[in-house]
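1. Build me a structure from this.
(4 chains)
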Protein chains: 4
Amino acid sequence: PAPVRCAFEFRPADGAASPRYRIDIVRMRVISEFCLKRQVHFYETDAAGIVHFSVFFRYVEEAEHAMWRAAGLSIAPPNASVGFPRVAANFDFLRPLYFEDEFEVHLRITRKSSRSLSYGATIEKDGNALARGTLTIACVQKLAGGPMQSATIPAEIANAFEVATPEAVKG
Amino acid sequence: PAPVRCAFEFRPADGAASPRYRIDIVRMRVISEFCLKRQVHFYETDAAGIVHFSVFFRYVEEAEHAMWRAAGLSIAPPNASVGFPRVAANFDFLRPLYFEDEFEVHLRITRKSSRSLSYGATIEKDGNALARGTLTIACVQKLAGGPMQSATIPAEIANAFEVATPEAVKG
Amino acid sequence: PAPVRCAFEFRPADGAASPRYRIDIVRMRVISEFCLKRQVHFYETDAAGIVHFSVFFRYVEEAEHAMWRAAGLSIAPPNASVGFPRVAANFDFLRPLYFEDEFEVHLRITRKSSRSLSYGATIEKDGNALARGTLTIACVQKLAGGPMQSATIPAEIANAFEVATPEAVKG
Amino acid sequence: PAPVRCAFEFRPADGAASPRYRIDIVRMRVISEFCLKRQVHFYETDAAGIVHFSVFFRYVEEAEHAMWRAAGLSIAPPNASVGFPRVAANFDFLRPLYFEDEFEVHLRITRKSSRSLSYGATIEKDGNALARGTLTIACVQKLAGGPMQSATIPAEIANAFEVATPEAVKG
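-> Predicted coordinates:
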């Protein structure tokens, strides 16, 4: 699902070879939900025989980054001027995951502001919820050597995502 | 800080060689707070140059297991009849951690019931809080091949921990 | 590519309802090579901006376990009587892998004895080798509470794999 | 064990306030061996009940970075002009490590050239070798956006390390 790109060039009346203006339009696919299917790797299990709880947070991030790719974006492209550190994360664990279990990460955008995004996540196996959590990320400017500074989410990213409708919540 | 152990034997009046009763008393160190000092390993960082957020949950668990050892216990001894899966975990991330940063995990018991324990955790560097979170664990019976089943925390474990006092919270 | 299963029953001439013998035949797909396609996850990178070298060993294991599944097997099924600890592993790292890079793990069986299996592995991106390594696993019996003991690879597993031909090496 | 620093200033005969030359001498502690003591964390184990083999490579790196700190160095200081990617790593695994096992990583410098360093590593528990491996790192220049380029190890780093003597090998 790649973004549709088109470009317009406005040339001056005198027929000059080089255009005066060039406008690039990228029609993003607006996304509010995503589902990642996955299988448990052995190195994600622990001596209790189940997936270590810290790995569930990695599953959510994996789904998030795949969601951004589905929107034609990367959350950390080379030489990016902004980054998206995680500012809050939580999970309630209901049932364990085992080696080679096939499961799904259902991700939905639950809140969107000019500087942050929140996701709701459910880990499911065979239609049963195994864990429910949330993840909130913030946009920061990356200043070499200095501290992170809160920043506005660039328009091309903000326009790619919208909050999932309540109906989607029930579905 | 190993537990203090002592044993009494009650012998019958007839001078029999073998005692009638034997009472083992283990005076546990009752614990409600713990502080783990640590340094960031390189493999805990990510391409954003900071510790990956999922690793903070491992730091809390490390501190928890060290707290249990300080109480003379292991959270997962060989052939244990009960286990302690995590049922809820969350973190608010305030400031990042970098490679080789020296930091502390301050852990406090915030809730204790017959079947579960909750911890409050603060990650600190140079006296500043970098992240604040909670972790809740539940006691389950380990039945070979079957599902986990909720269980009462064994007395020797329950007696080793108590909820931190509000004063301790401020300290 | 599931194994083809068939069963024959030999009934006595007297027409008894229950068969005398039952033979189950599972025609395994014999496998000597496997290719896993994958994309780099963010949590697999480190502060140098590249995939941490320890993660390459996880990639090889991921490919190995997928190869076993392609042969209709699991390397660690529930209640297994044997296990397959790793006894040797090595990698030469030629070029780095970055976040979201799409790469392939080419795995080939290079040696097979009654008690161990060796794999050769190449990590490739866009047809270029990024790393080359080997992995050797041994079969052990799992004795509760005791040490691991060397064991013969069960026939249904041994029969599923064969050493890759030298031609395959060049290919 | 911080490096010993001293500085000499050579002033001109005319008694000018500012010195003509200034020489900074840092007497590094020259290091060829290091021992890291550690305890196994729960998240380092897998469903086989033992430390995952990929984690041994992290243990070696942990010991390496601690060795550099013991020499007064960091392997990845902020804004470093050179980096030290791993170019080869291997391990032979003899015996498993379990949760809460206390073990040692014995690290020795086995080879040193102008552009690379090799370490020999032994993981020991109670005086028994559990695993033996090697790690080779190379010095590269970090060019923003470009590929890594082989570089000479800076003198202050090269001078801090020397190859362990054969006697040390036996010890």
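
2. going forward, measure contacts and count neighbours with C-alpha atoms only.
-> OK.

3. starting at the chain centroid, how far to the helix ranked longest in chain A?
-> For chain A, the helix with the greatest residue count under DSSP state H is helix A:53-70. From the chain centre to the centre of helix A:53-70 is a distance of 8 Å (CA atoms, centre = their mean, to the nearest Å).

4. now for that helix, which elements pack on it?
-> Here helix A:53-70 touches strand A:33-39, strand A:86-93, strand A:102-112, helix B:53-70, going by 3 or more CA pairs under 8 Å, 6 or more residues apart in numbering or on different chains; DSSP states H and E.

5. what's the angle between the longest one and strand A:86-93?
-> With axes from the mean of the first three to the mean of the last three CA atoms, to 10 degrees as the criterion, the two stretches helix B:53-70 and strand A:86-93 enclose an angle of 60 degrees.

6. Can you name the residues in contact with helix B:53-70?
-> For helix B:53-70, contacts defined as CA atoms under 8 Å, 6 or more residues apart in numbering or on different chains pick out A:54-55, A:57-58, A:86, B:1-2, B:29, B:31, B:33-36, B:44, B:74-75, B:89, B:91, B:93, B:105-107, B:121, B:135, D:41-43.

7. what do you get for stretch A:107-116?
-> Under CA under 8 Å, 6+ apart, the answer for stretch A:107-116 is A:32-35, A:60, A:63-64, A:117-122, A:136-139, A:150-153, A:158, A:161-164.

8. run the last query once more with 6 Å
-> Applying CA atoms under 6 Å, 6 or more residues apart in numbering or on different chains, the set of residues contacting stretch A:107-116 from outside is A:32-34, A:117-121, A:137-139, A:152-153, A:163-164.

9. what about it, start to end distance?
-> End-to-end distance of stretch A:107-116 (CA to CA, to the nearest Å): 16 Å.

10. before we move on, what about stretch A:113-133?
-> First residue to last in stretch A:113-133 (CA to CA) measures 19 Å.

11. Enumerate the positions of it that are buried.
-> A:115-125, A:129-133 (16 or more other CA atoms under 10 Å in any protein chain shown).

12. Give me the distance between A:Ala76 and A:Ala47.
-> Counting by CA to CA - A:Ala76 and A:Ala47 are separated by 33 Å.

13. Between those two, tell me which one has more neighbours.
-> A direct count of neighbours by other CA atoms under 10 Å in any protein chain shown for A:Ala76 and A:Ala47 places A:Ala47 higher, at 21 against 17.

14. Any figure for the gap between the nearest residue to the more buried one once chain neighbours are set aside and C:Ala63?
-> Closest residue to A:Ala47 apart from its sequence neighbours, by CA to CA, 6 or more residues apart in numbering or on different chains: D:Gly49 at 4.2 Å. Distance from D:Gly49 to C:Ala63, counting by CA to CA: 21 Å.

15. tally of neighbours for whichever residue of chain A sits closest to chain B?
-> Chain B sits closest to A:Asn90 of chain A, with a gap of 3.9 Å, by CA to the nearest CA. When neighbours are defined as other CA under 10 Å, A:Asn90 has 22 of them.
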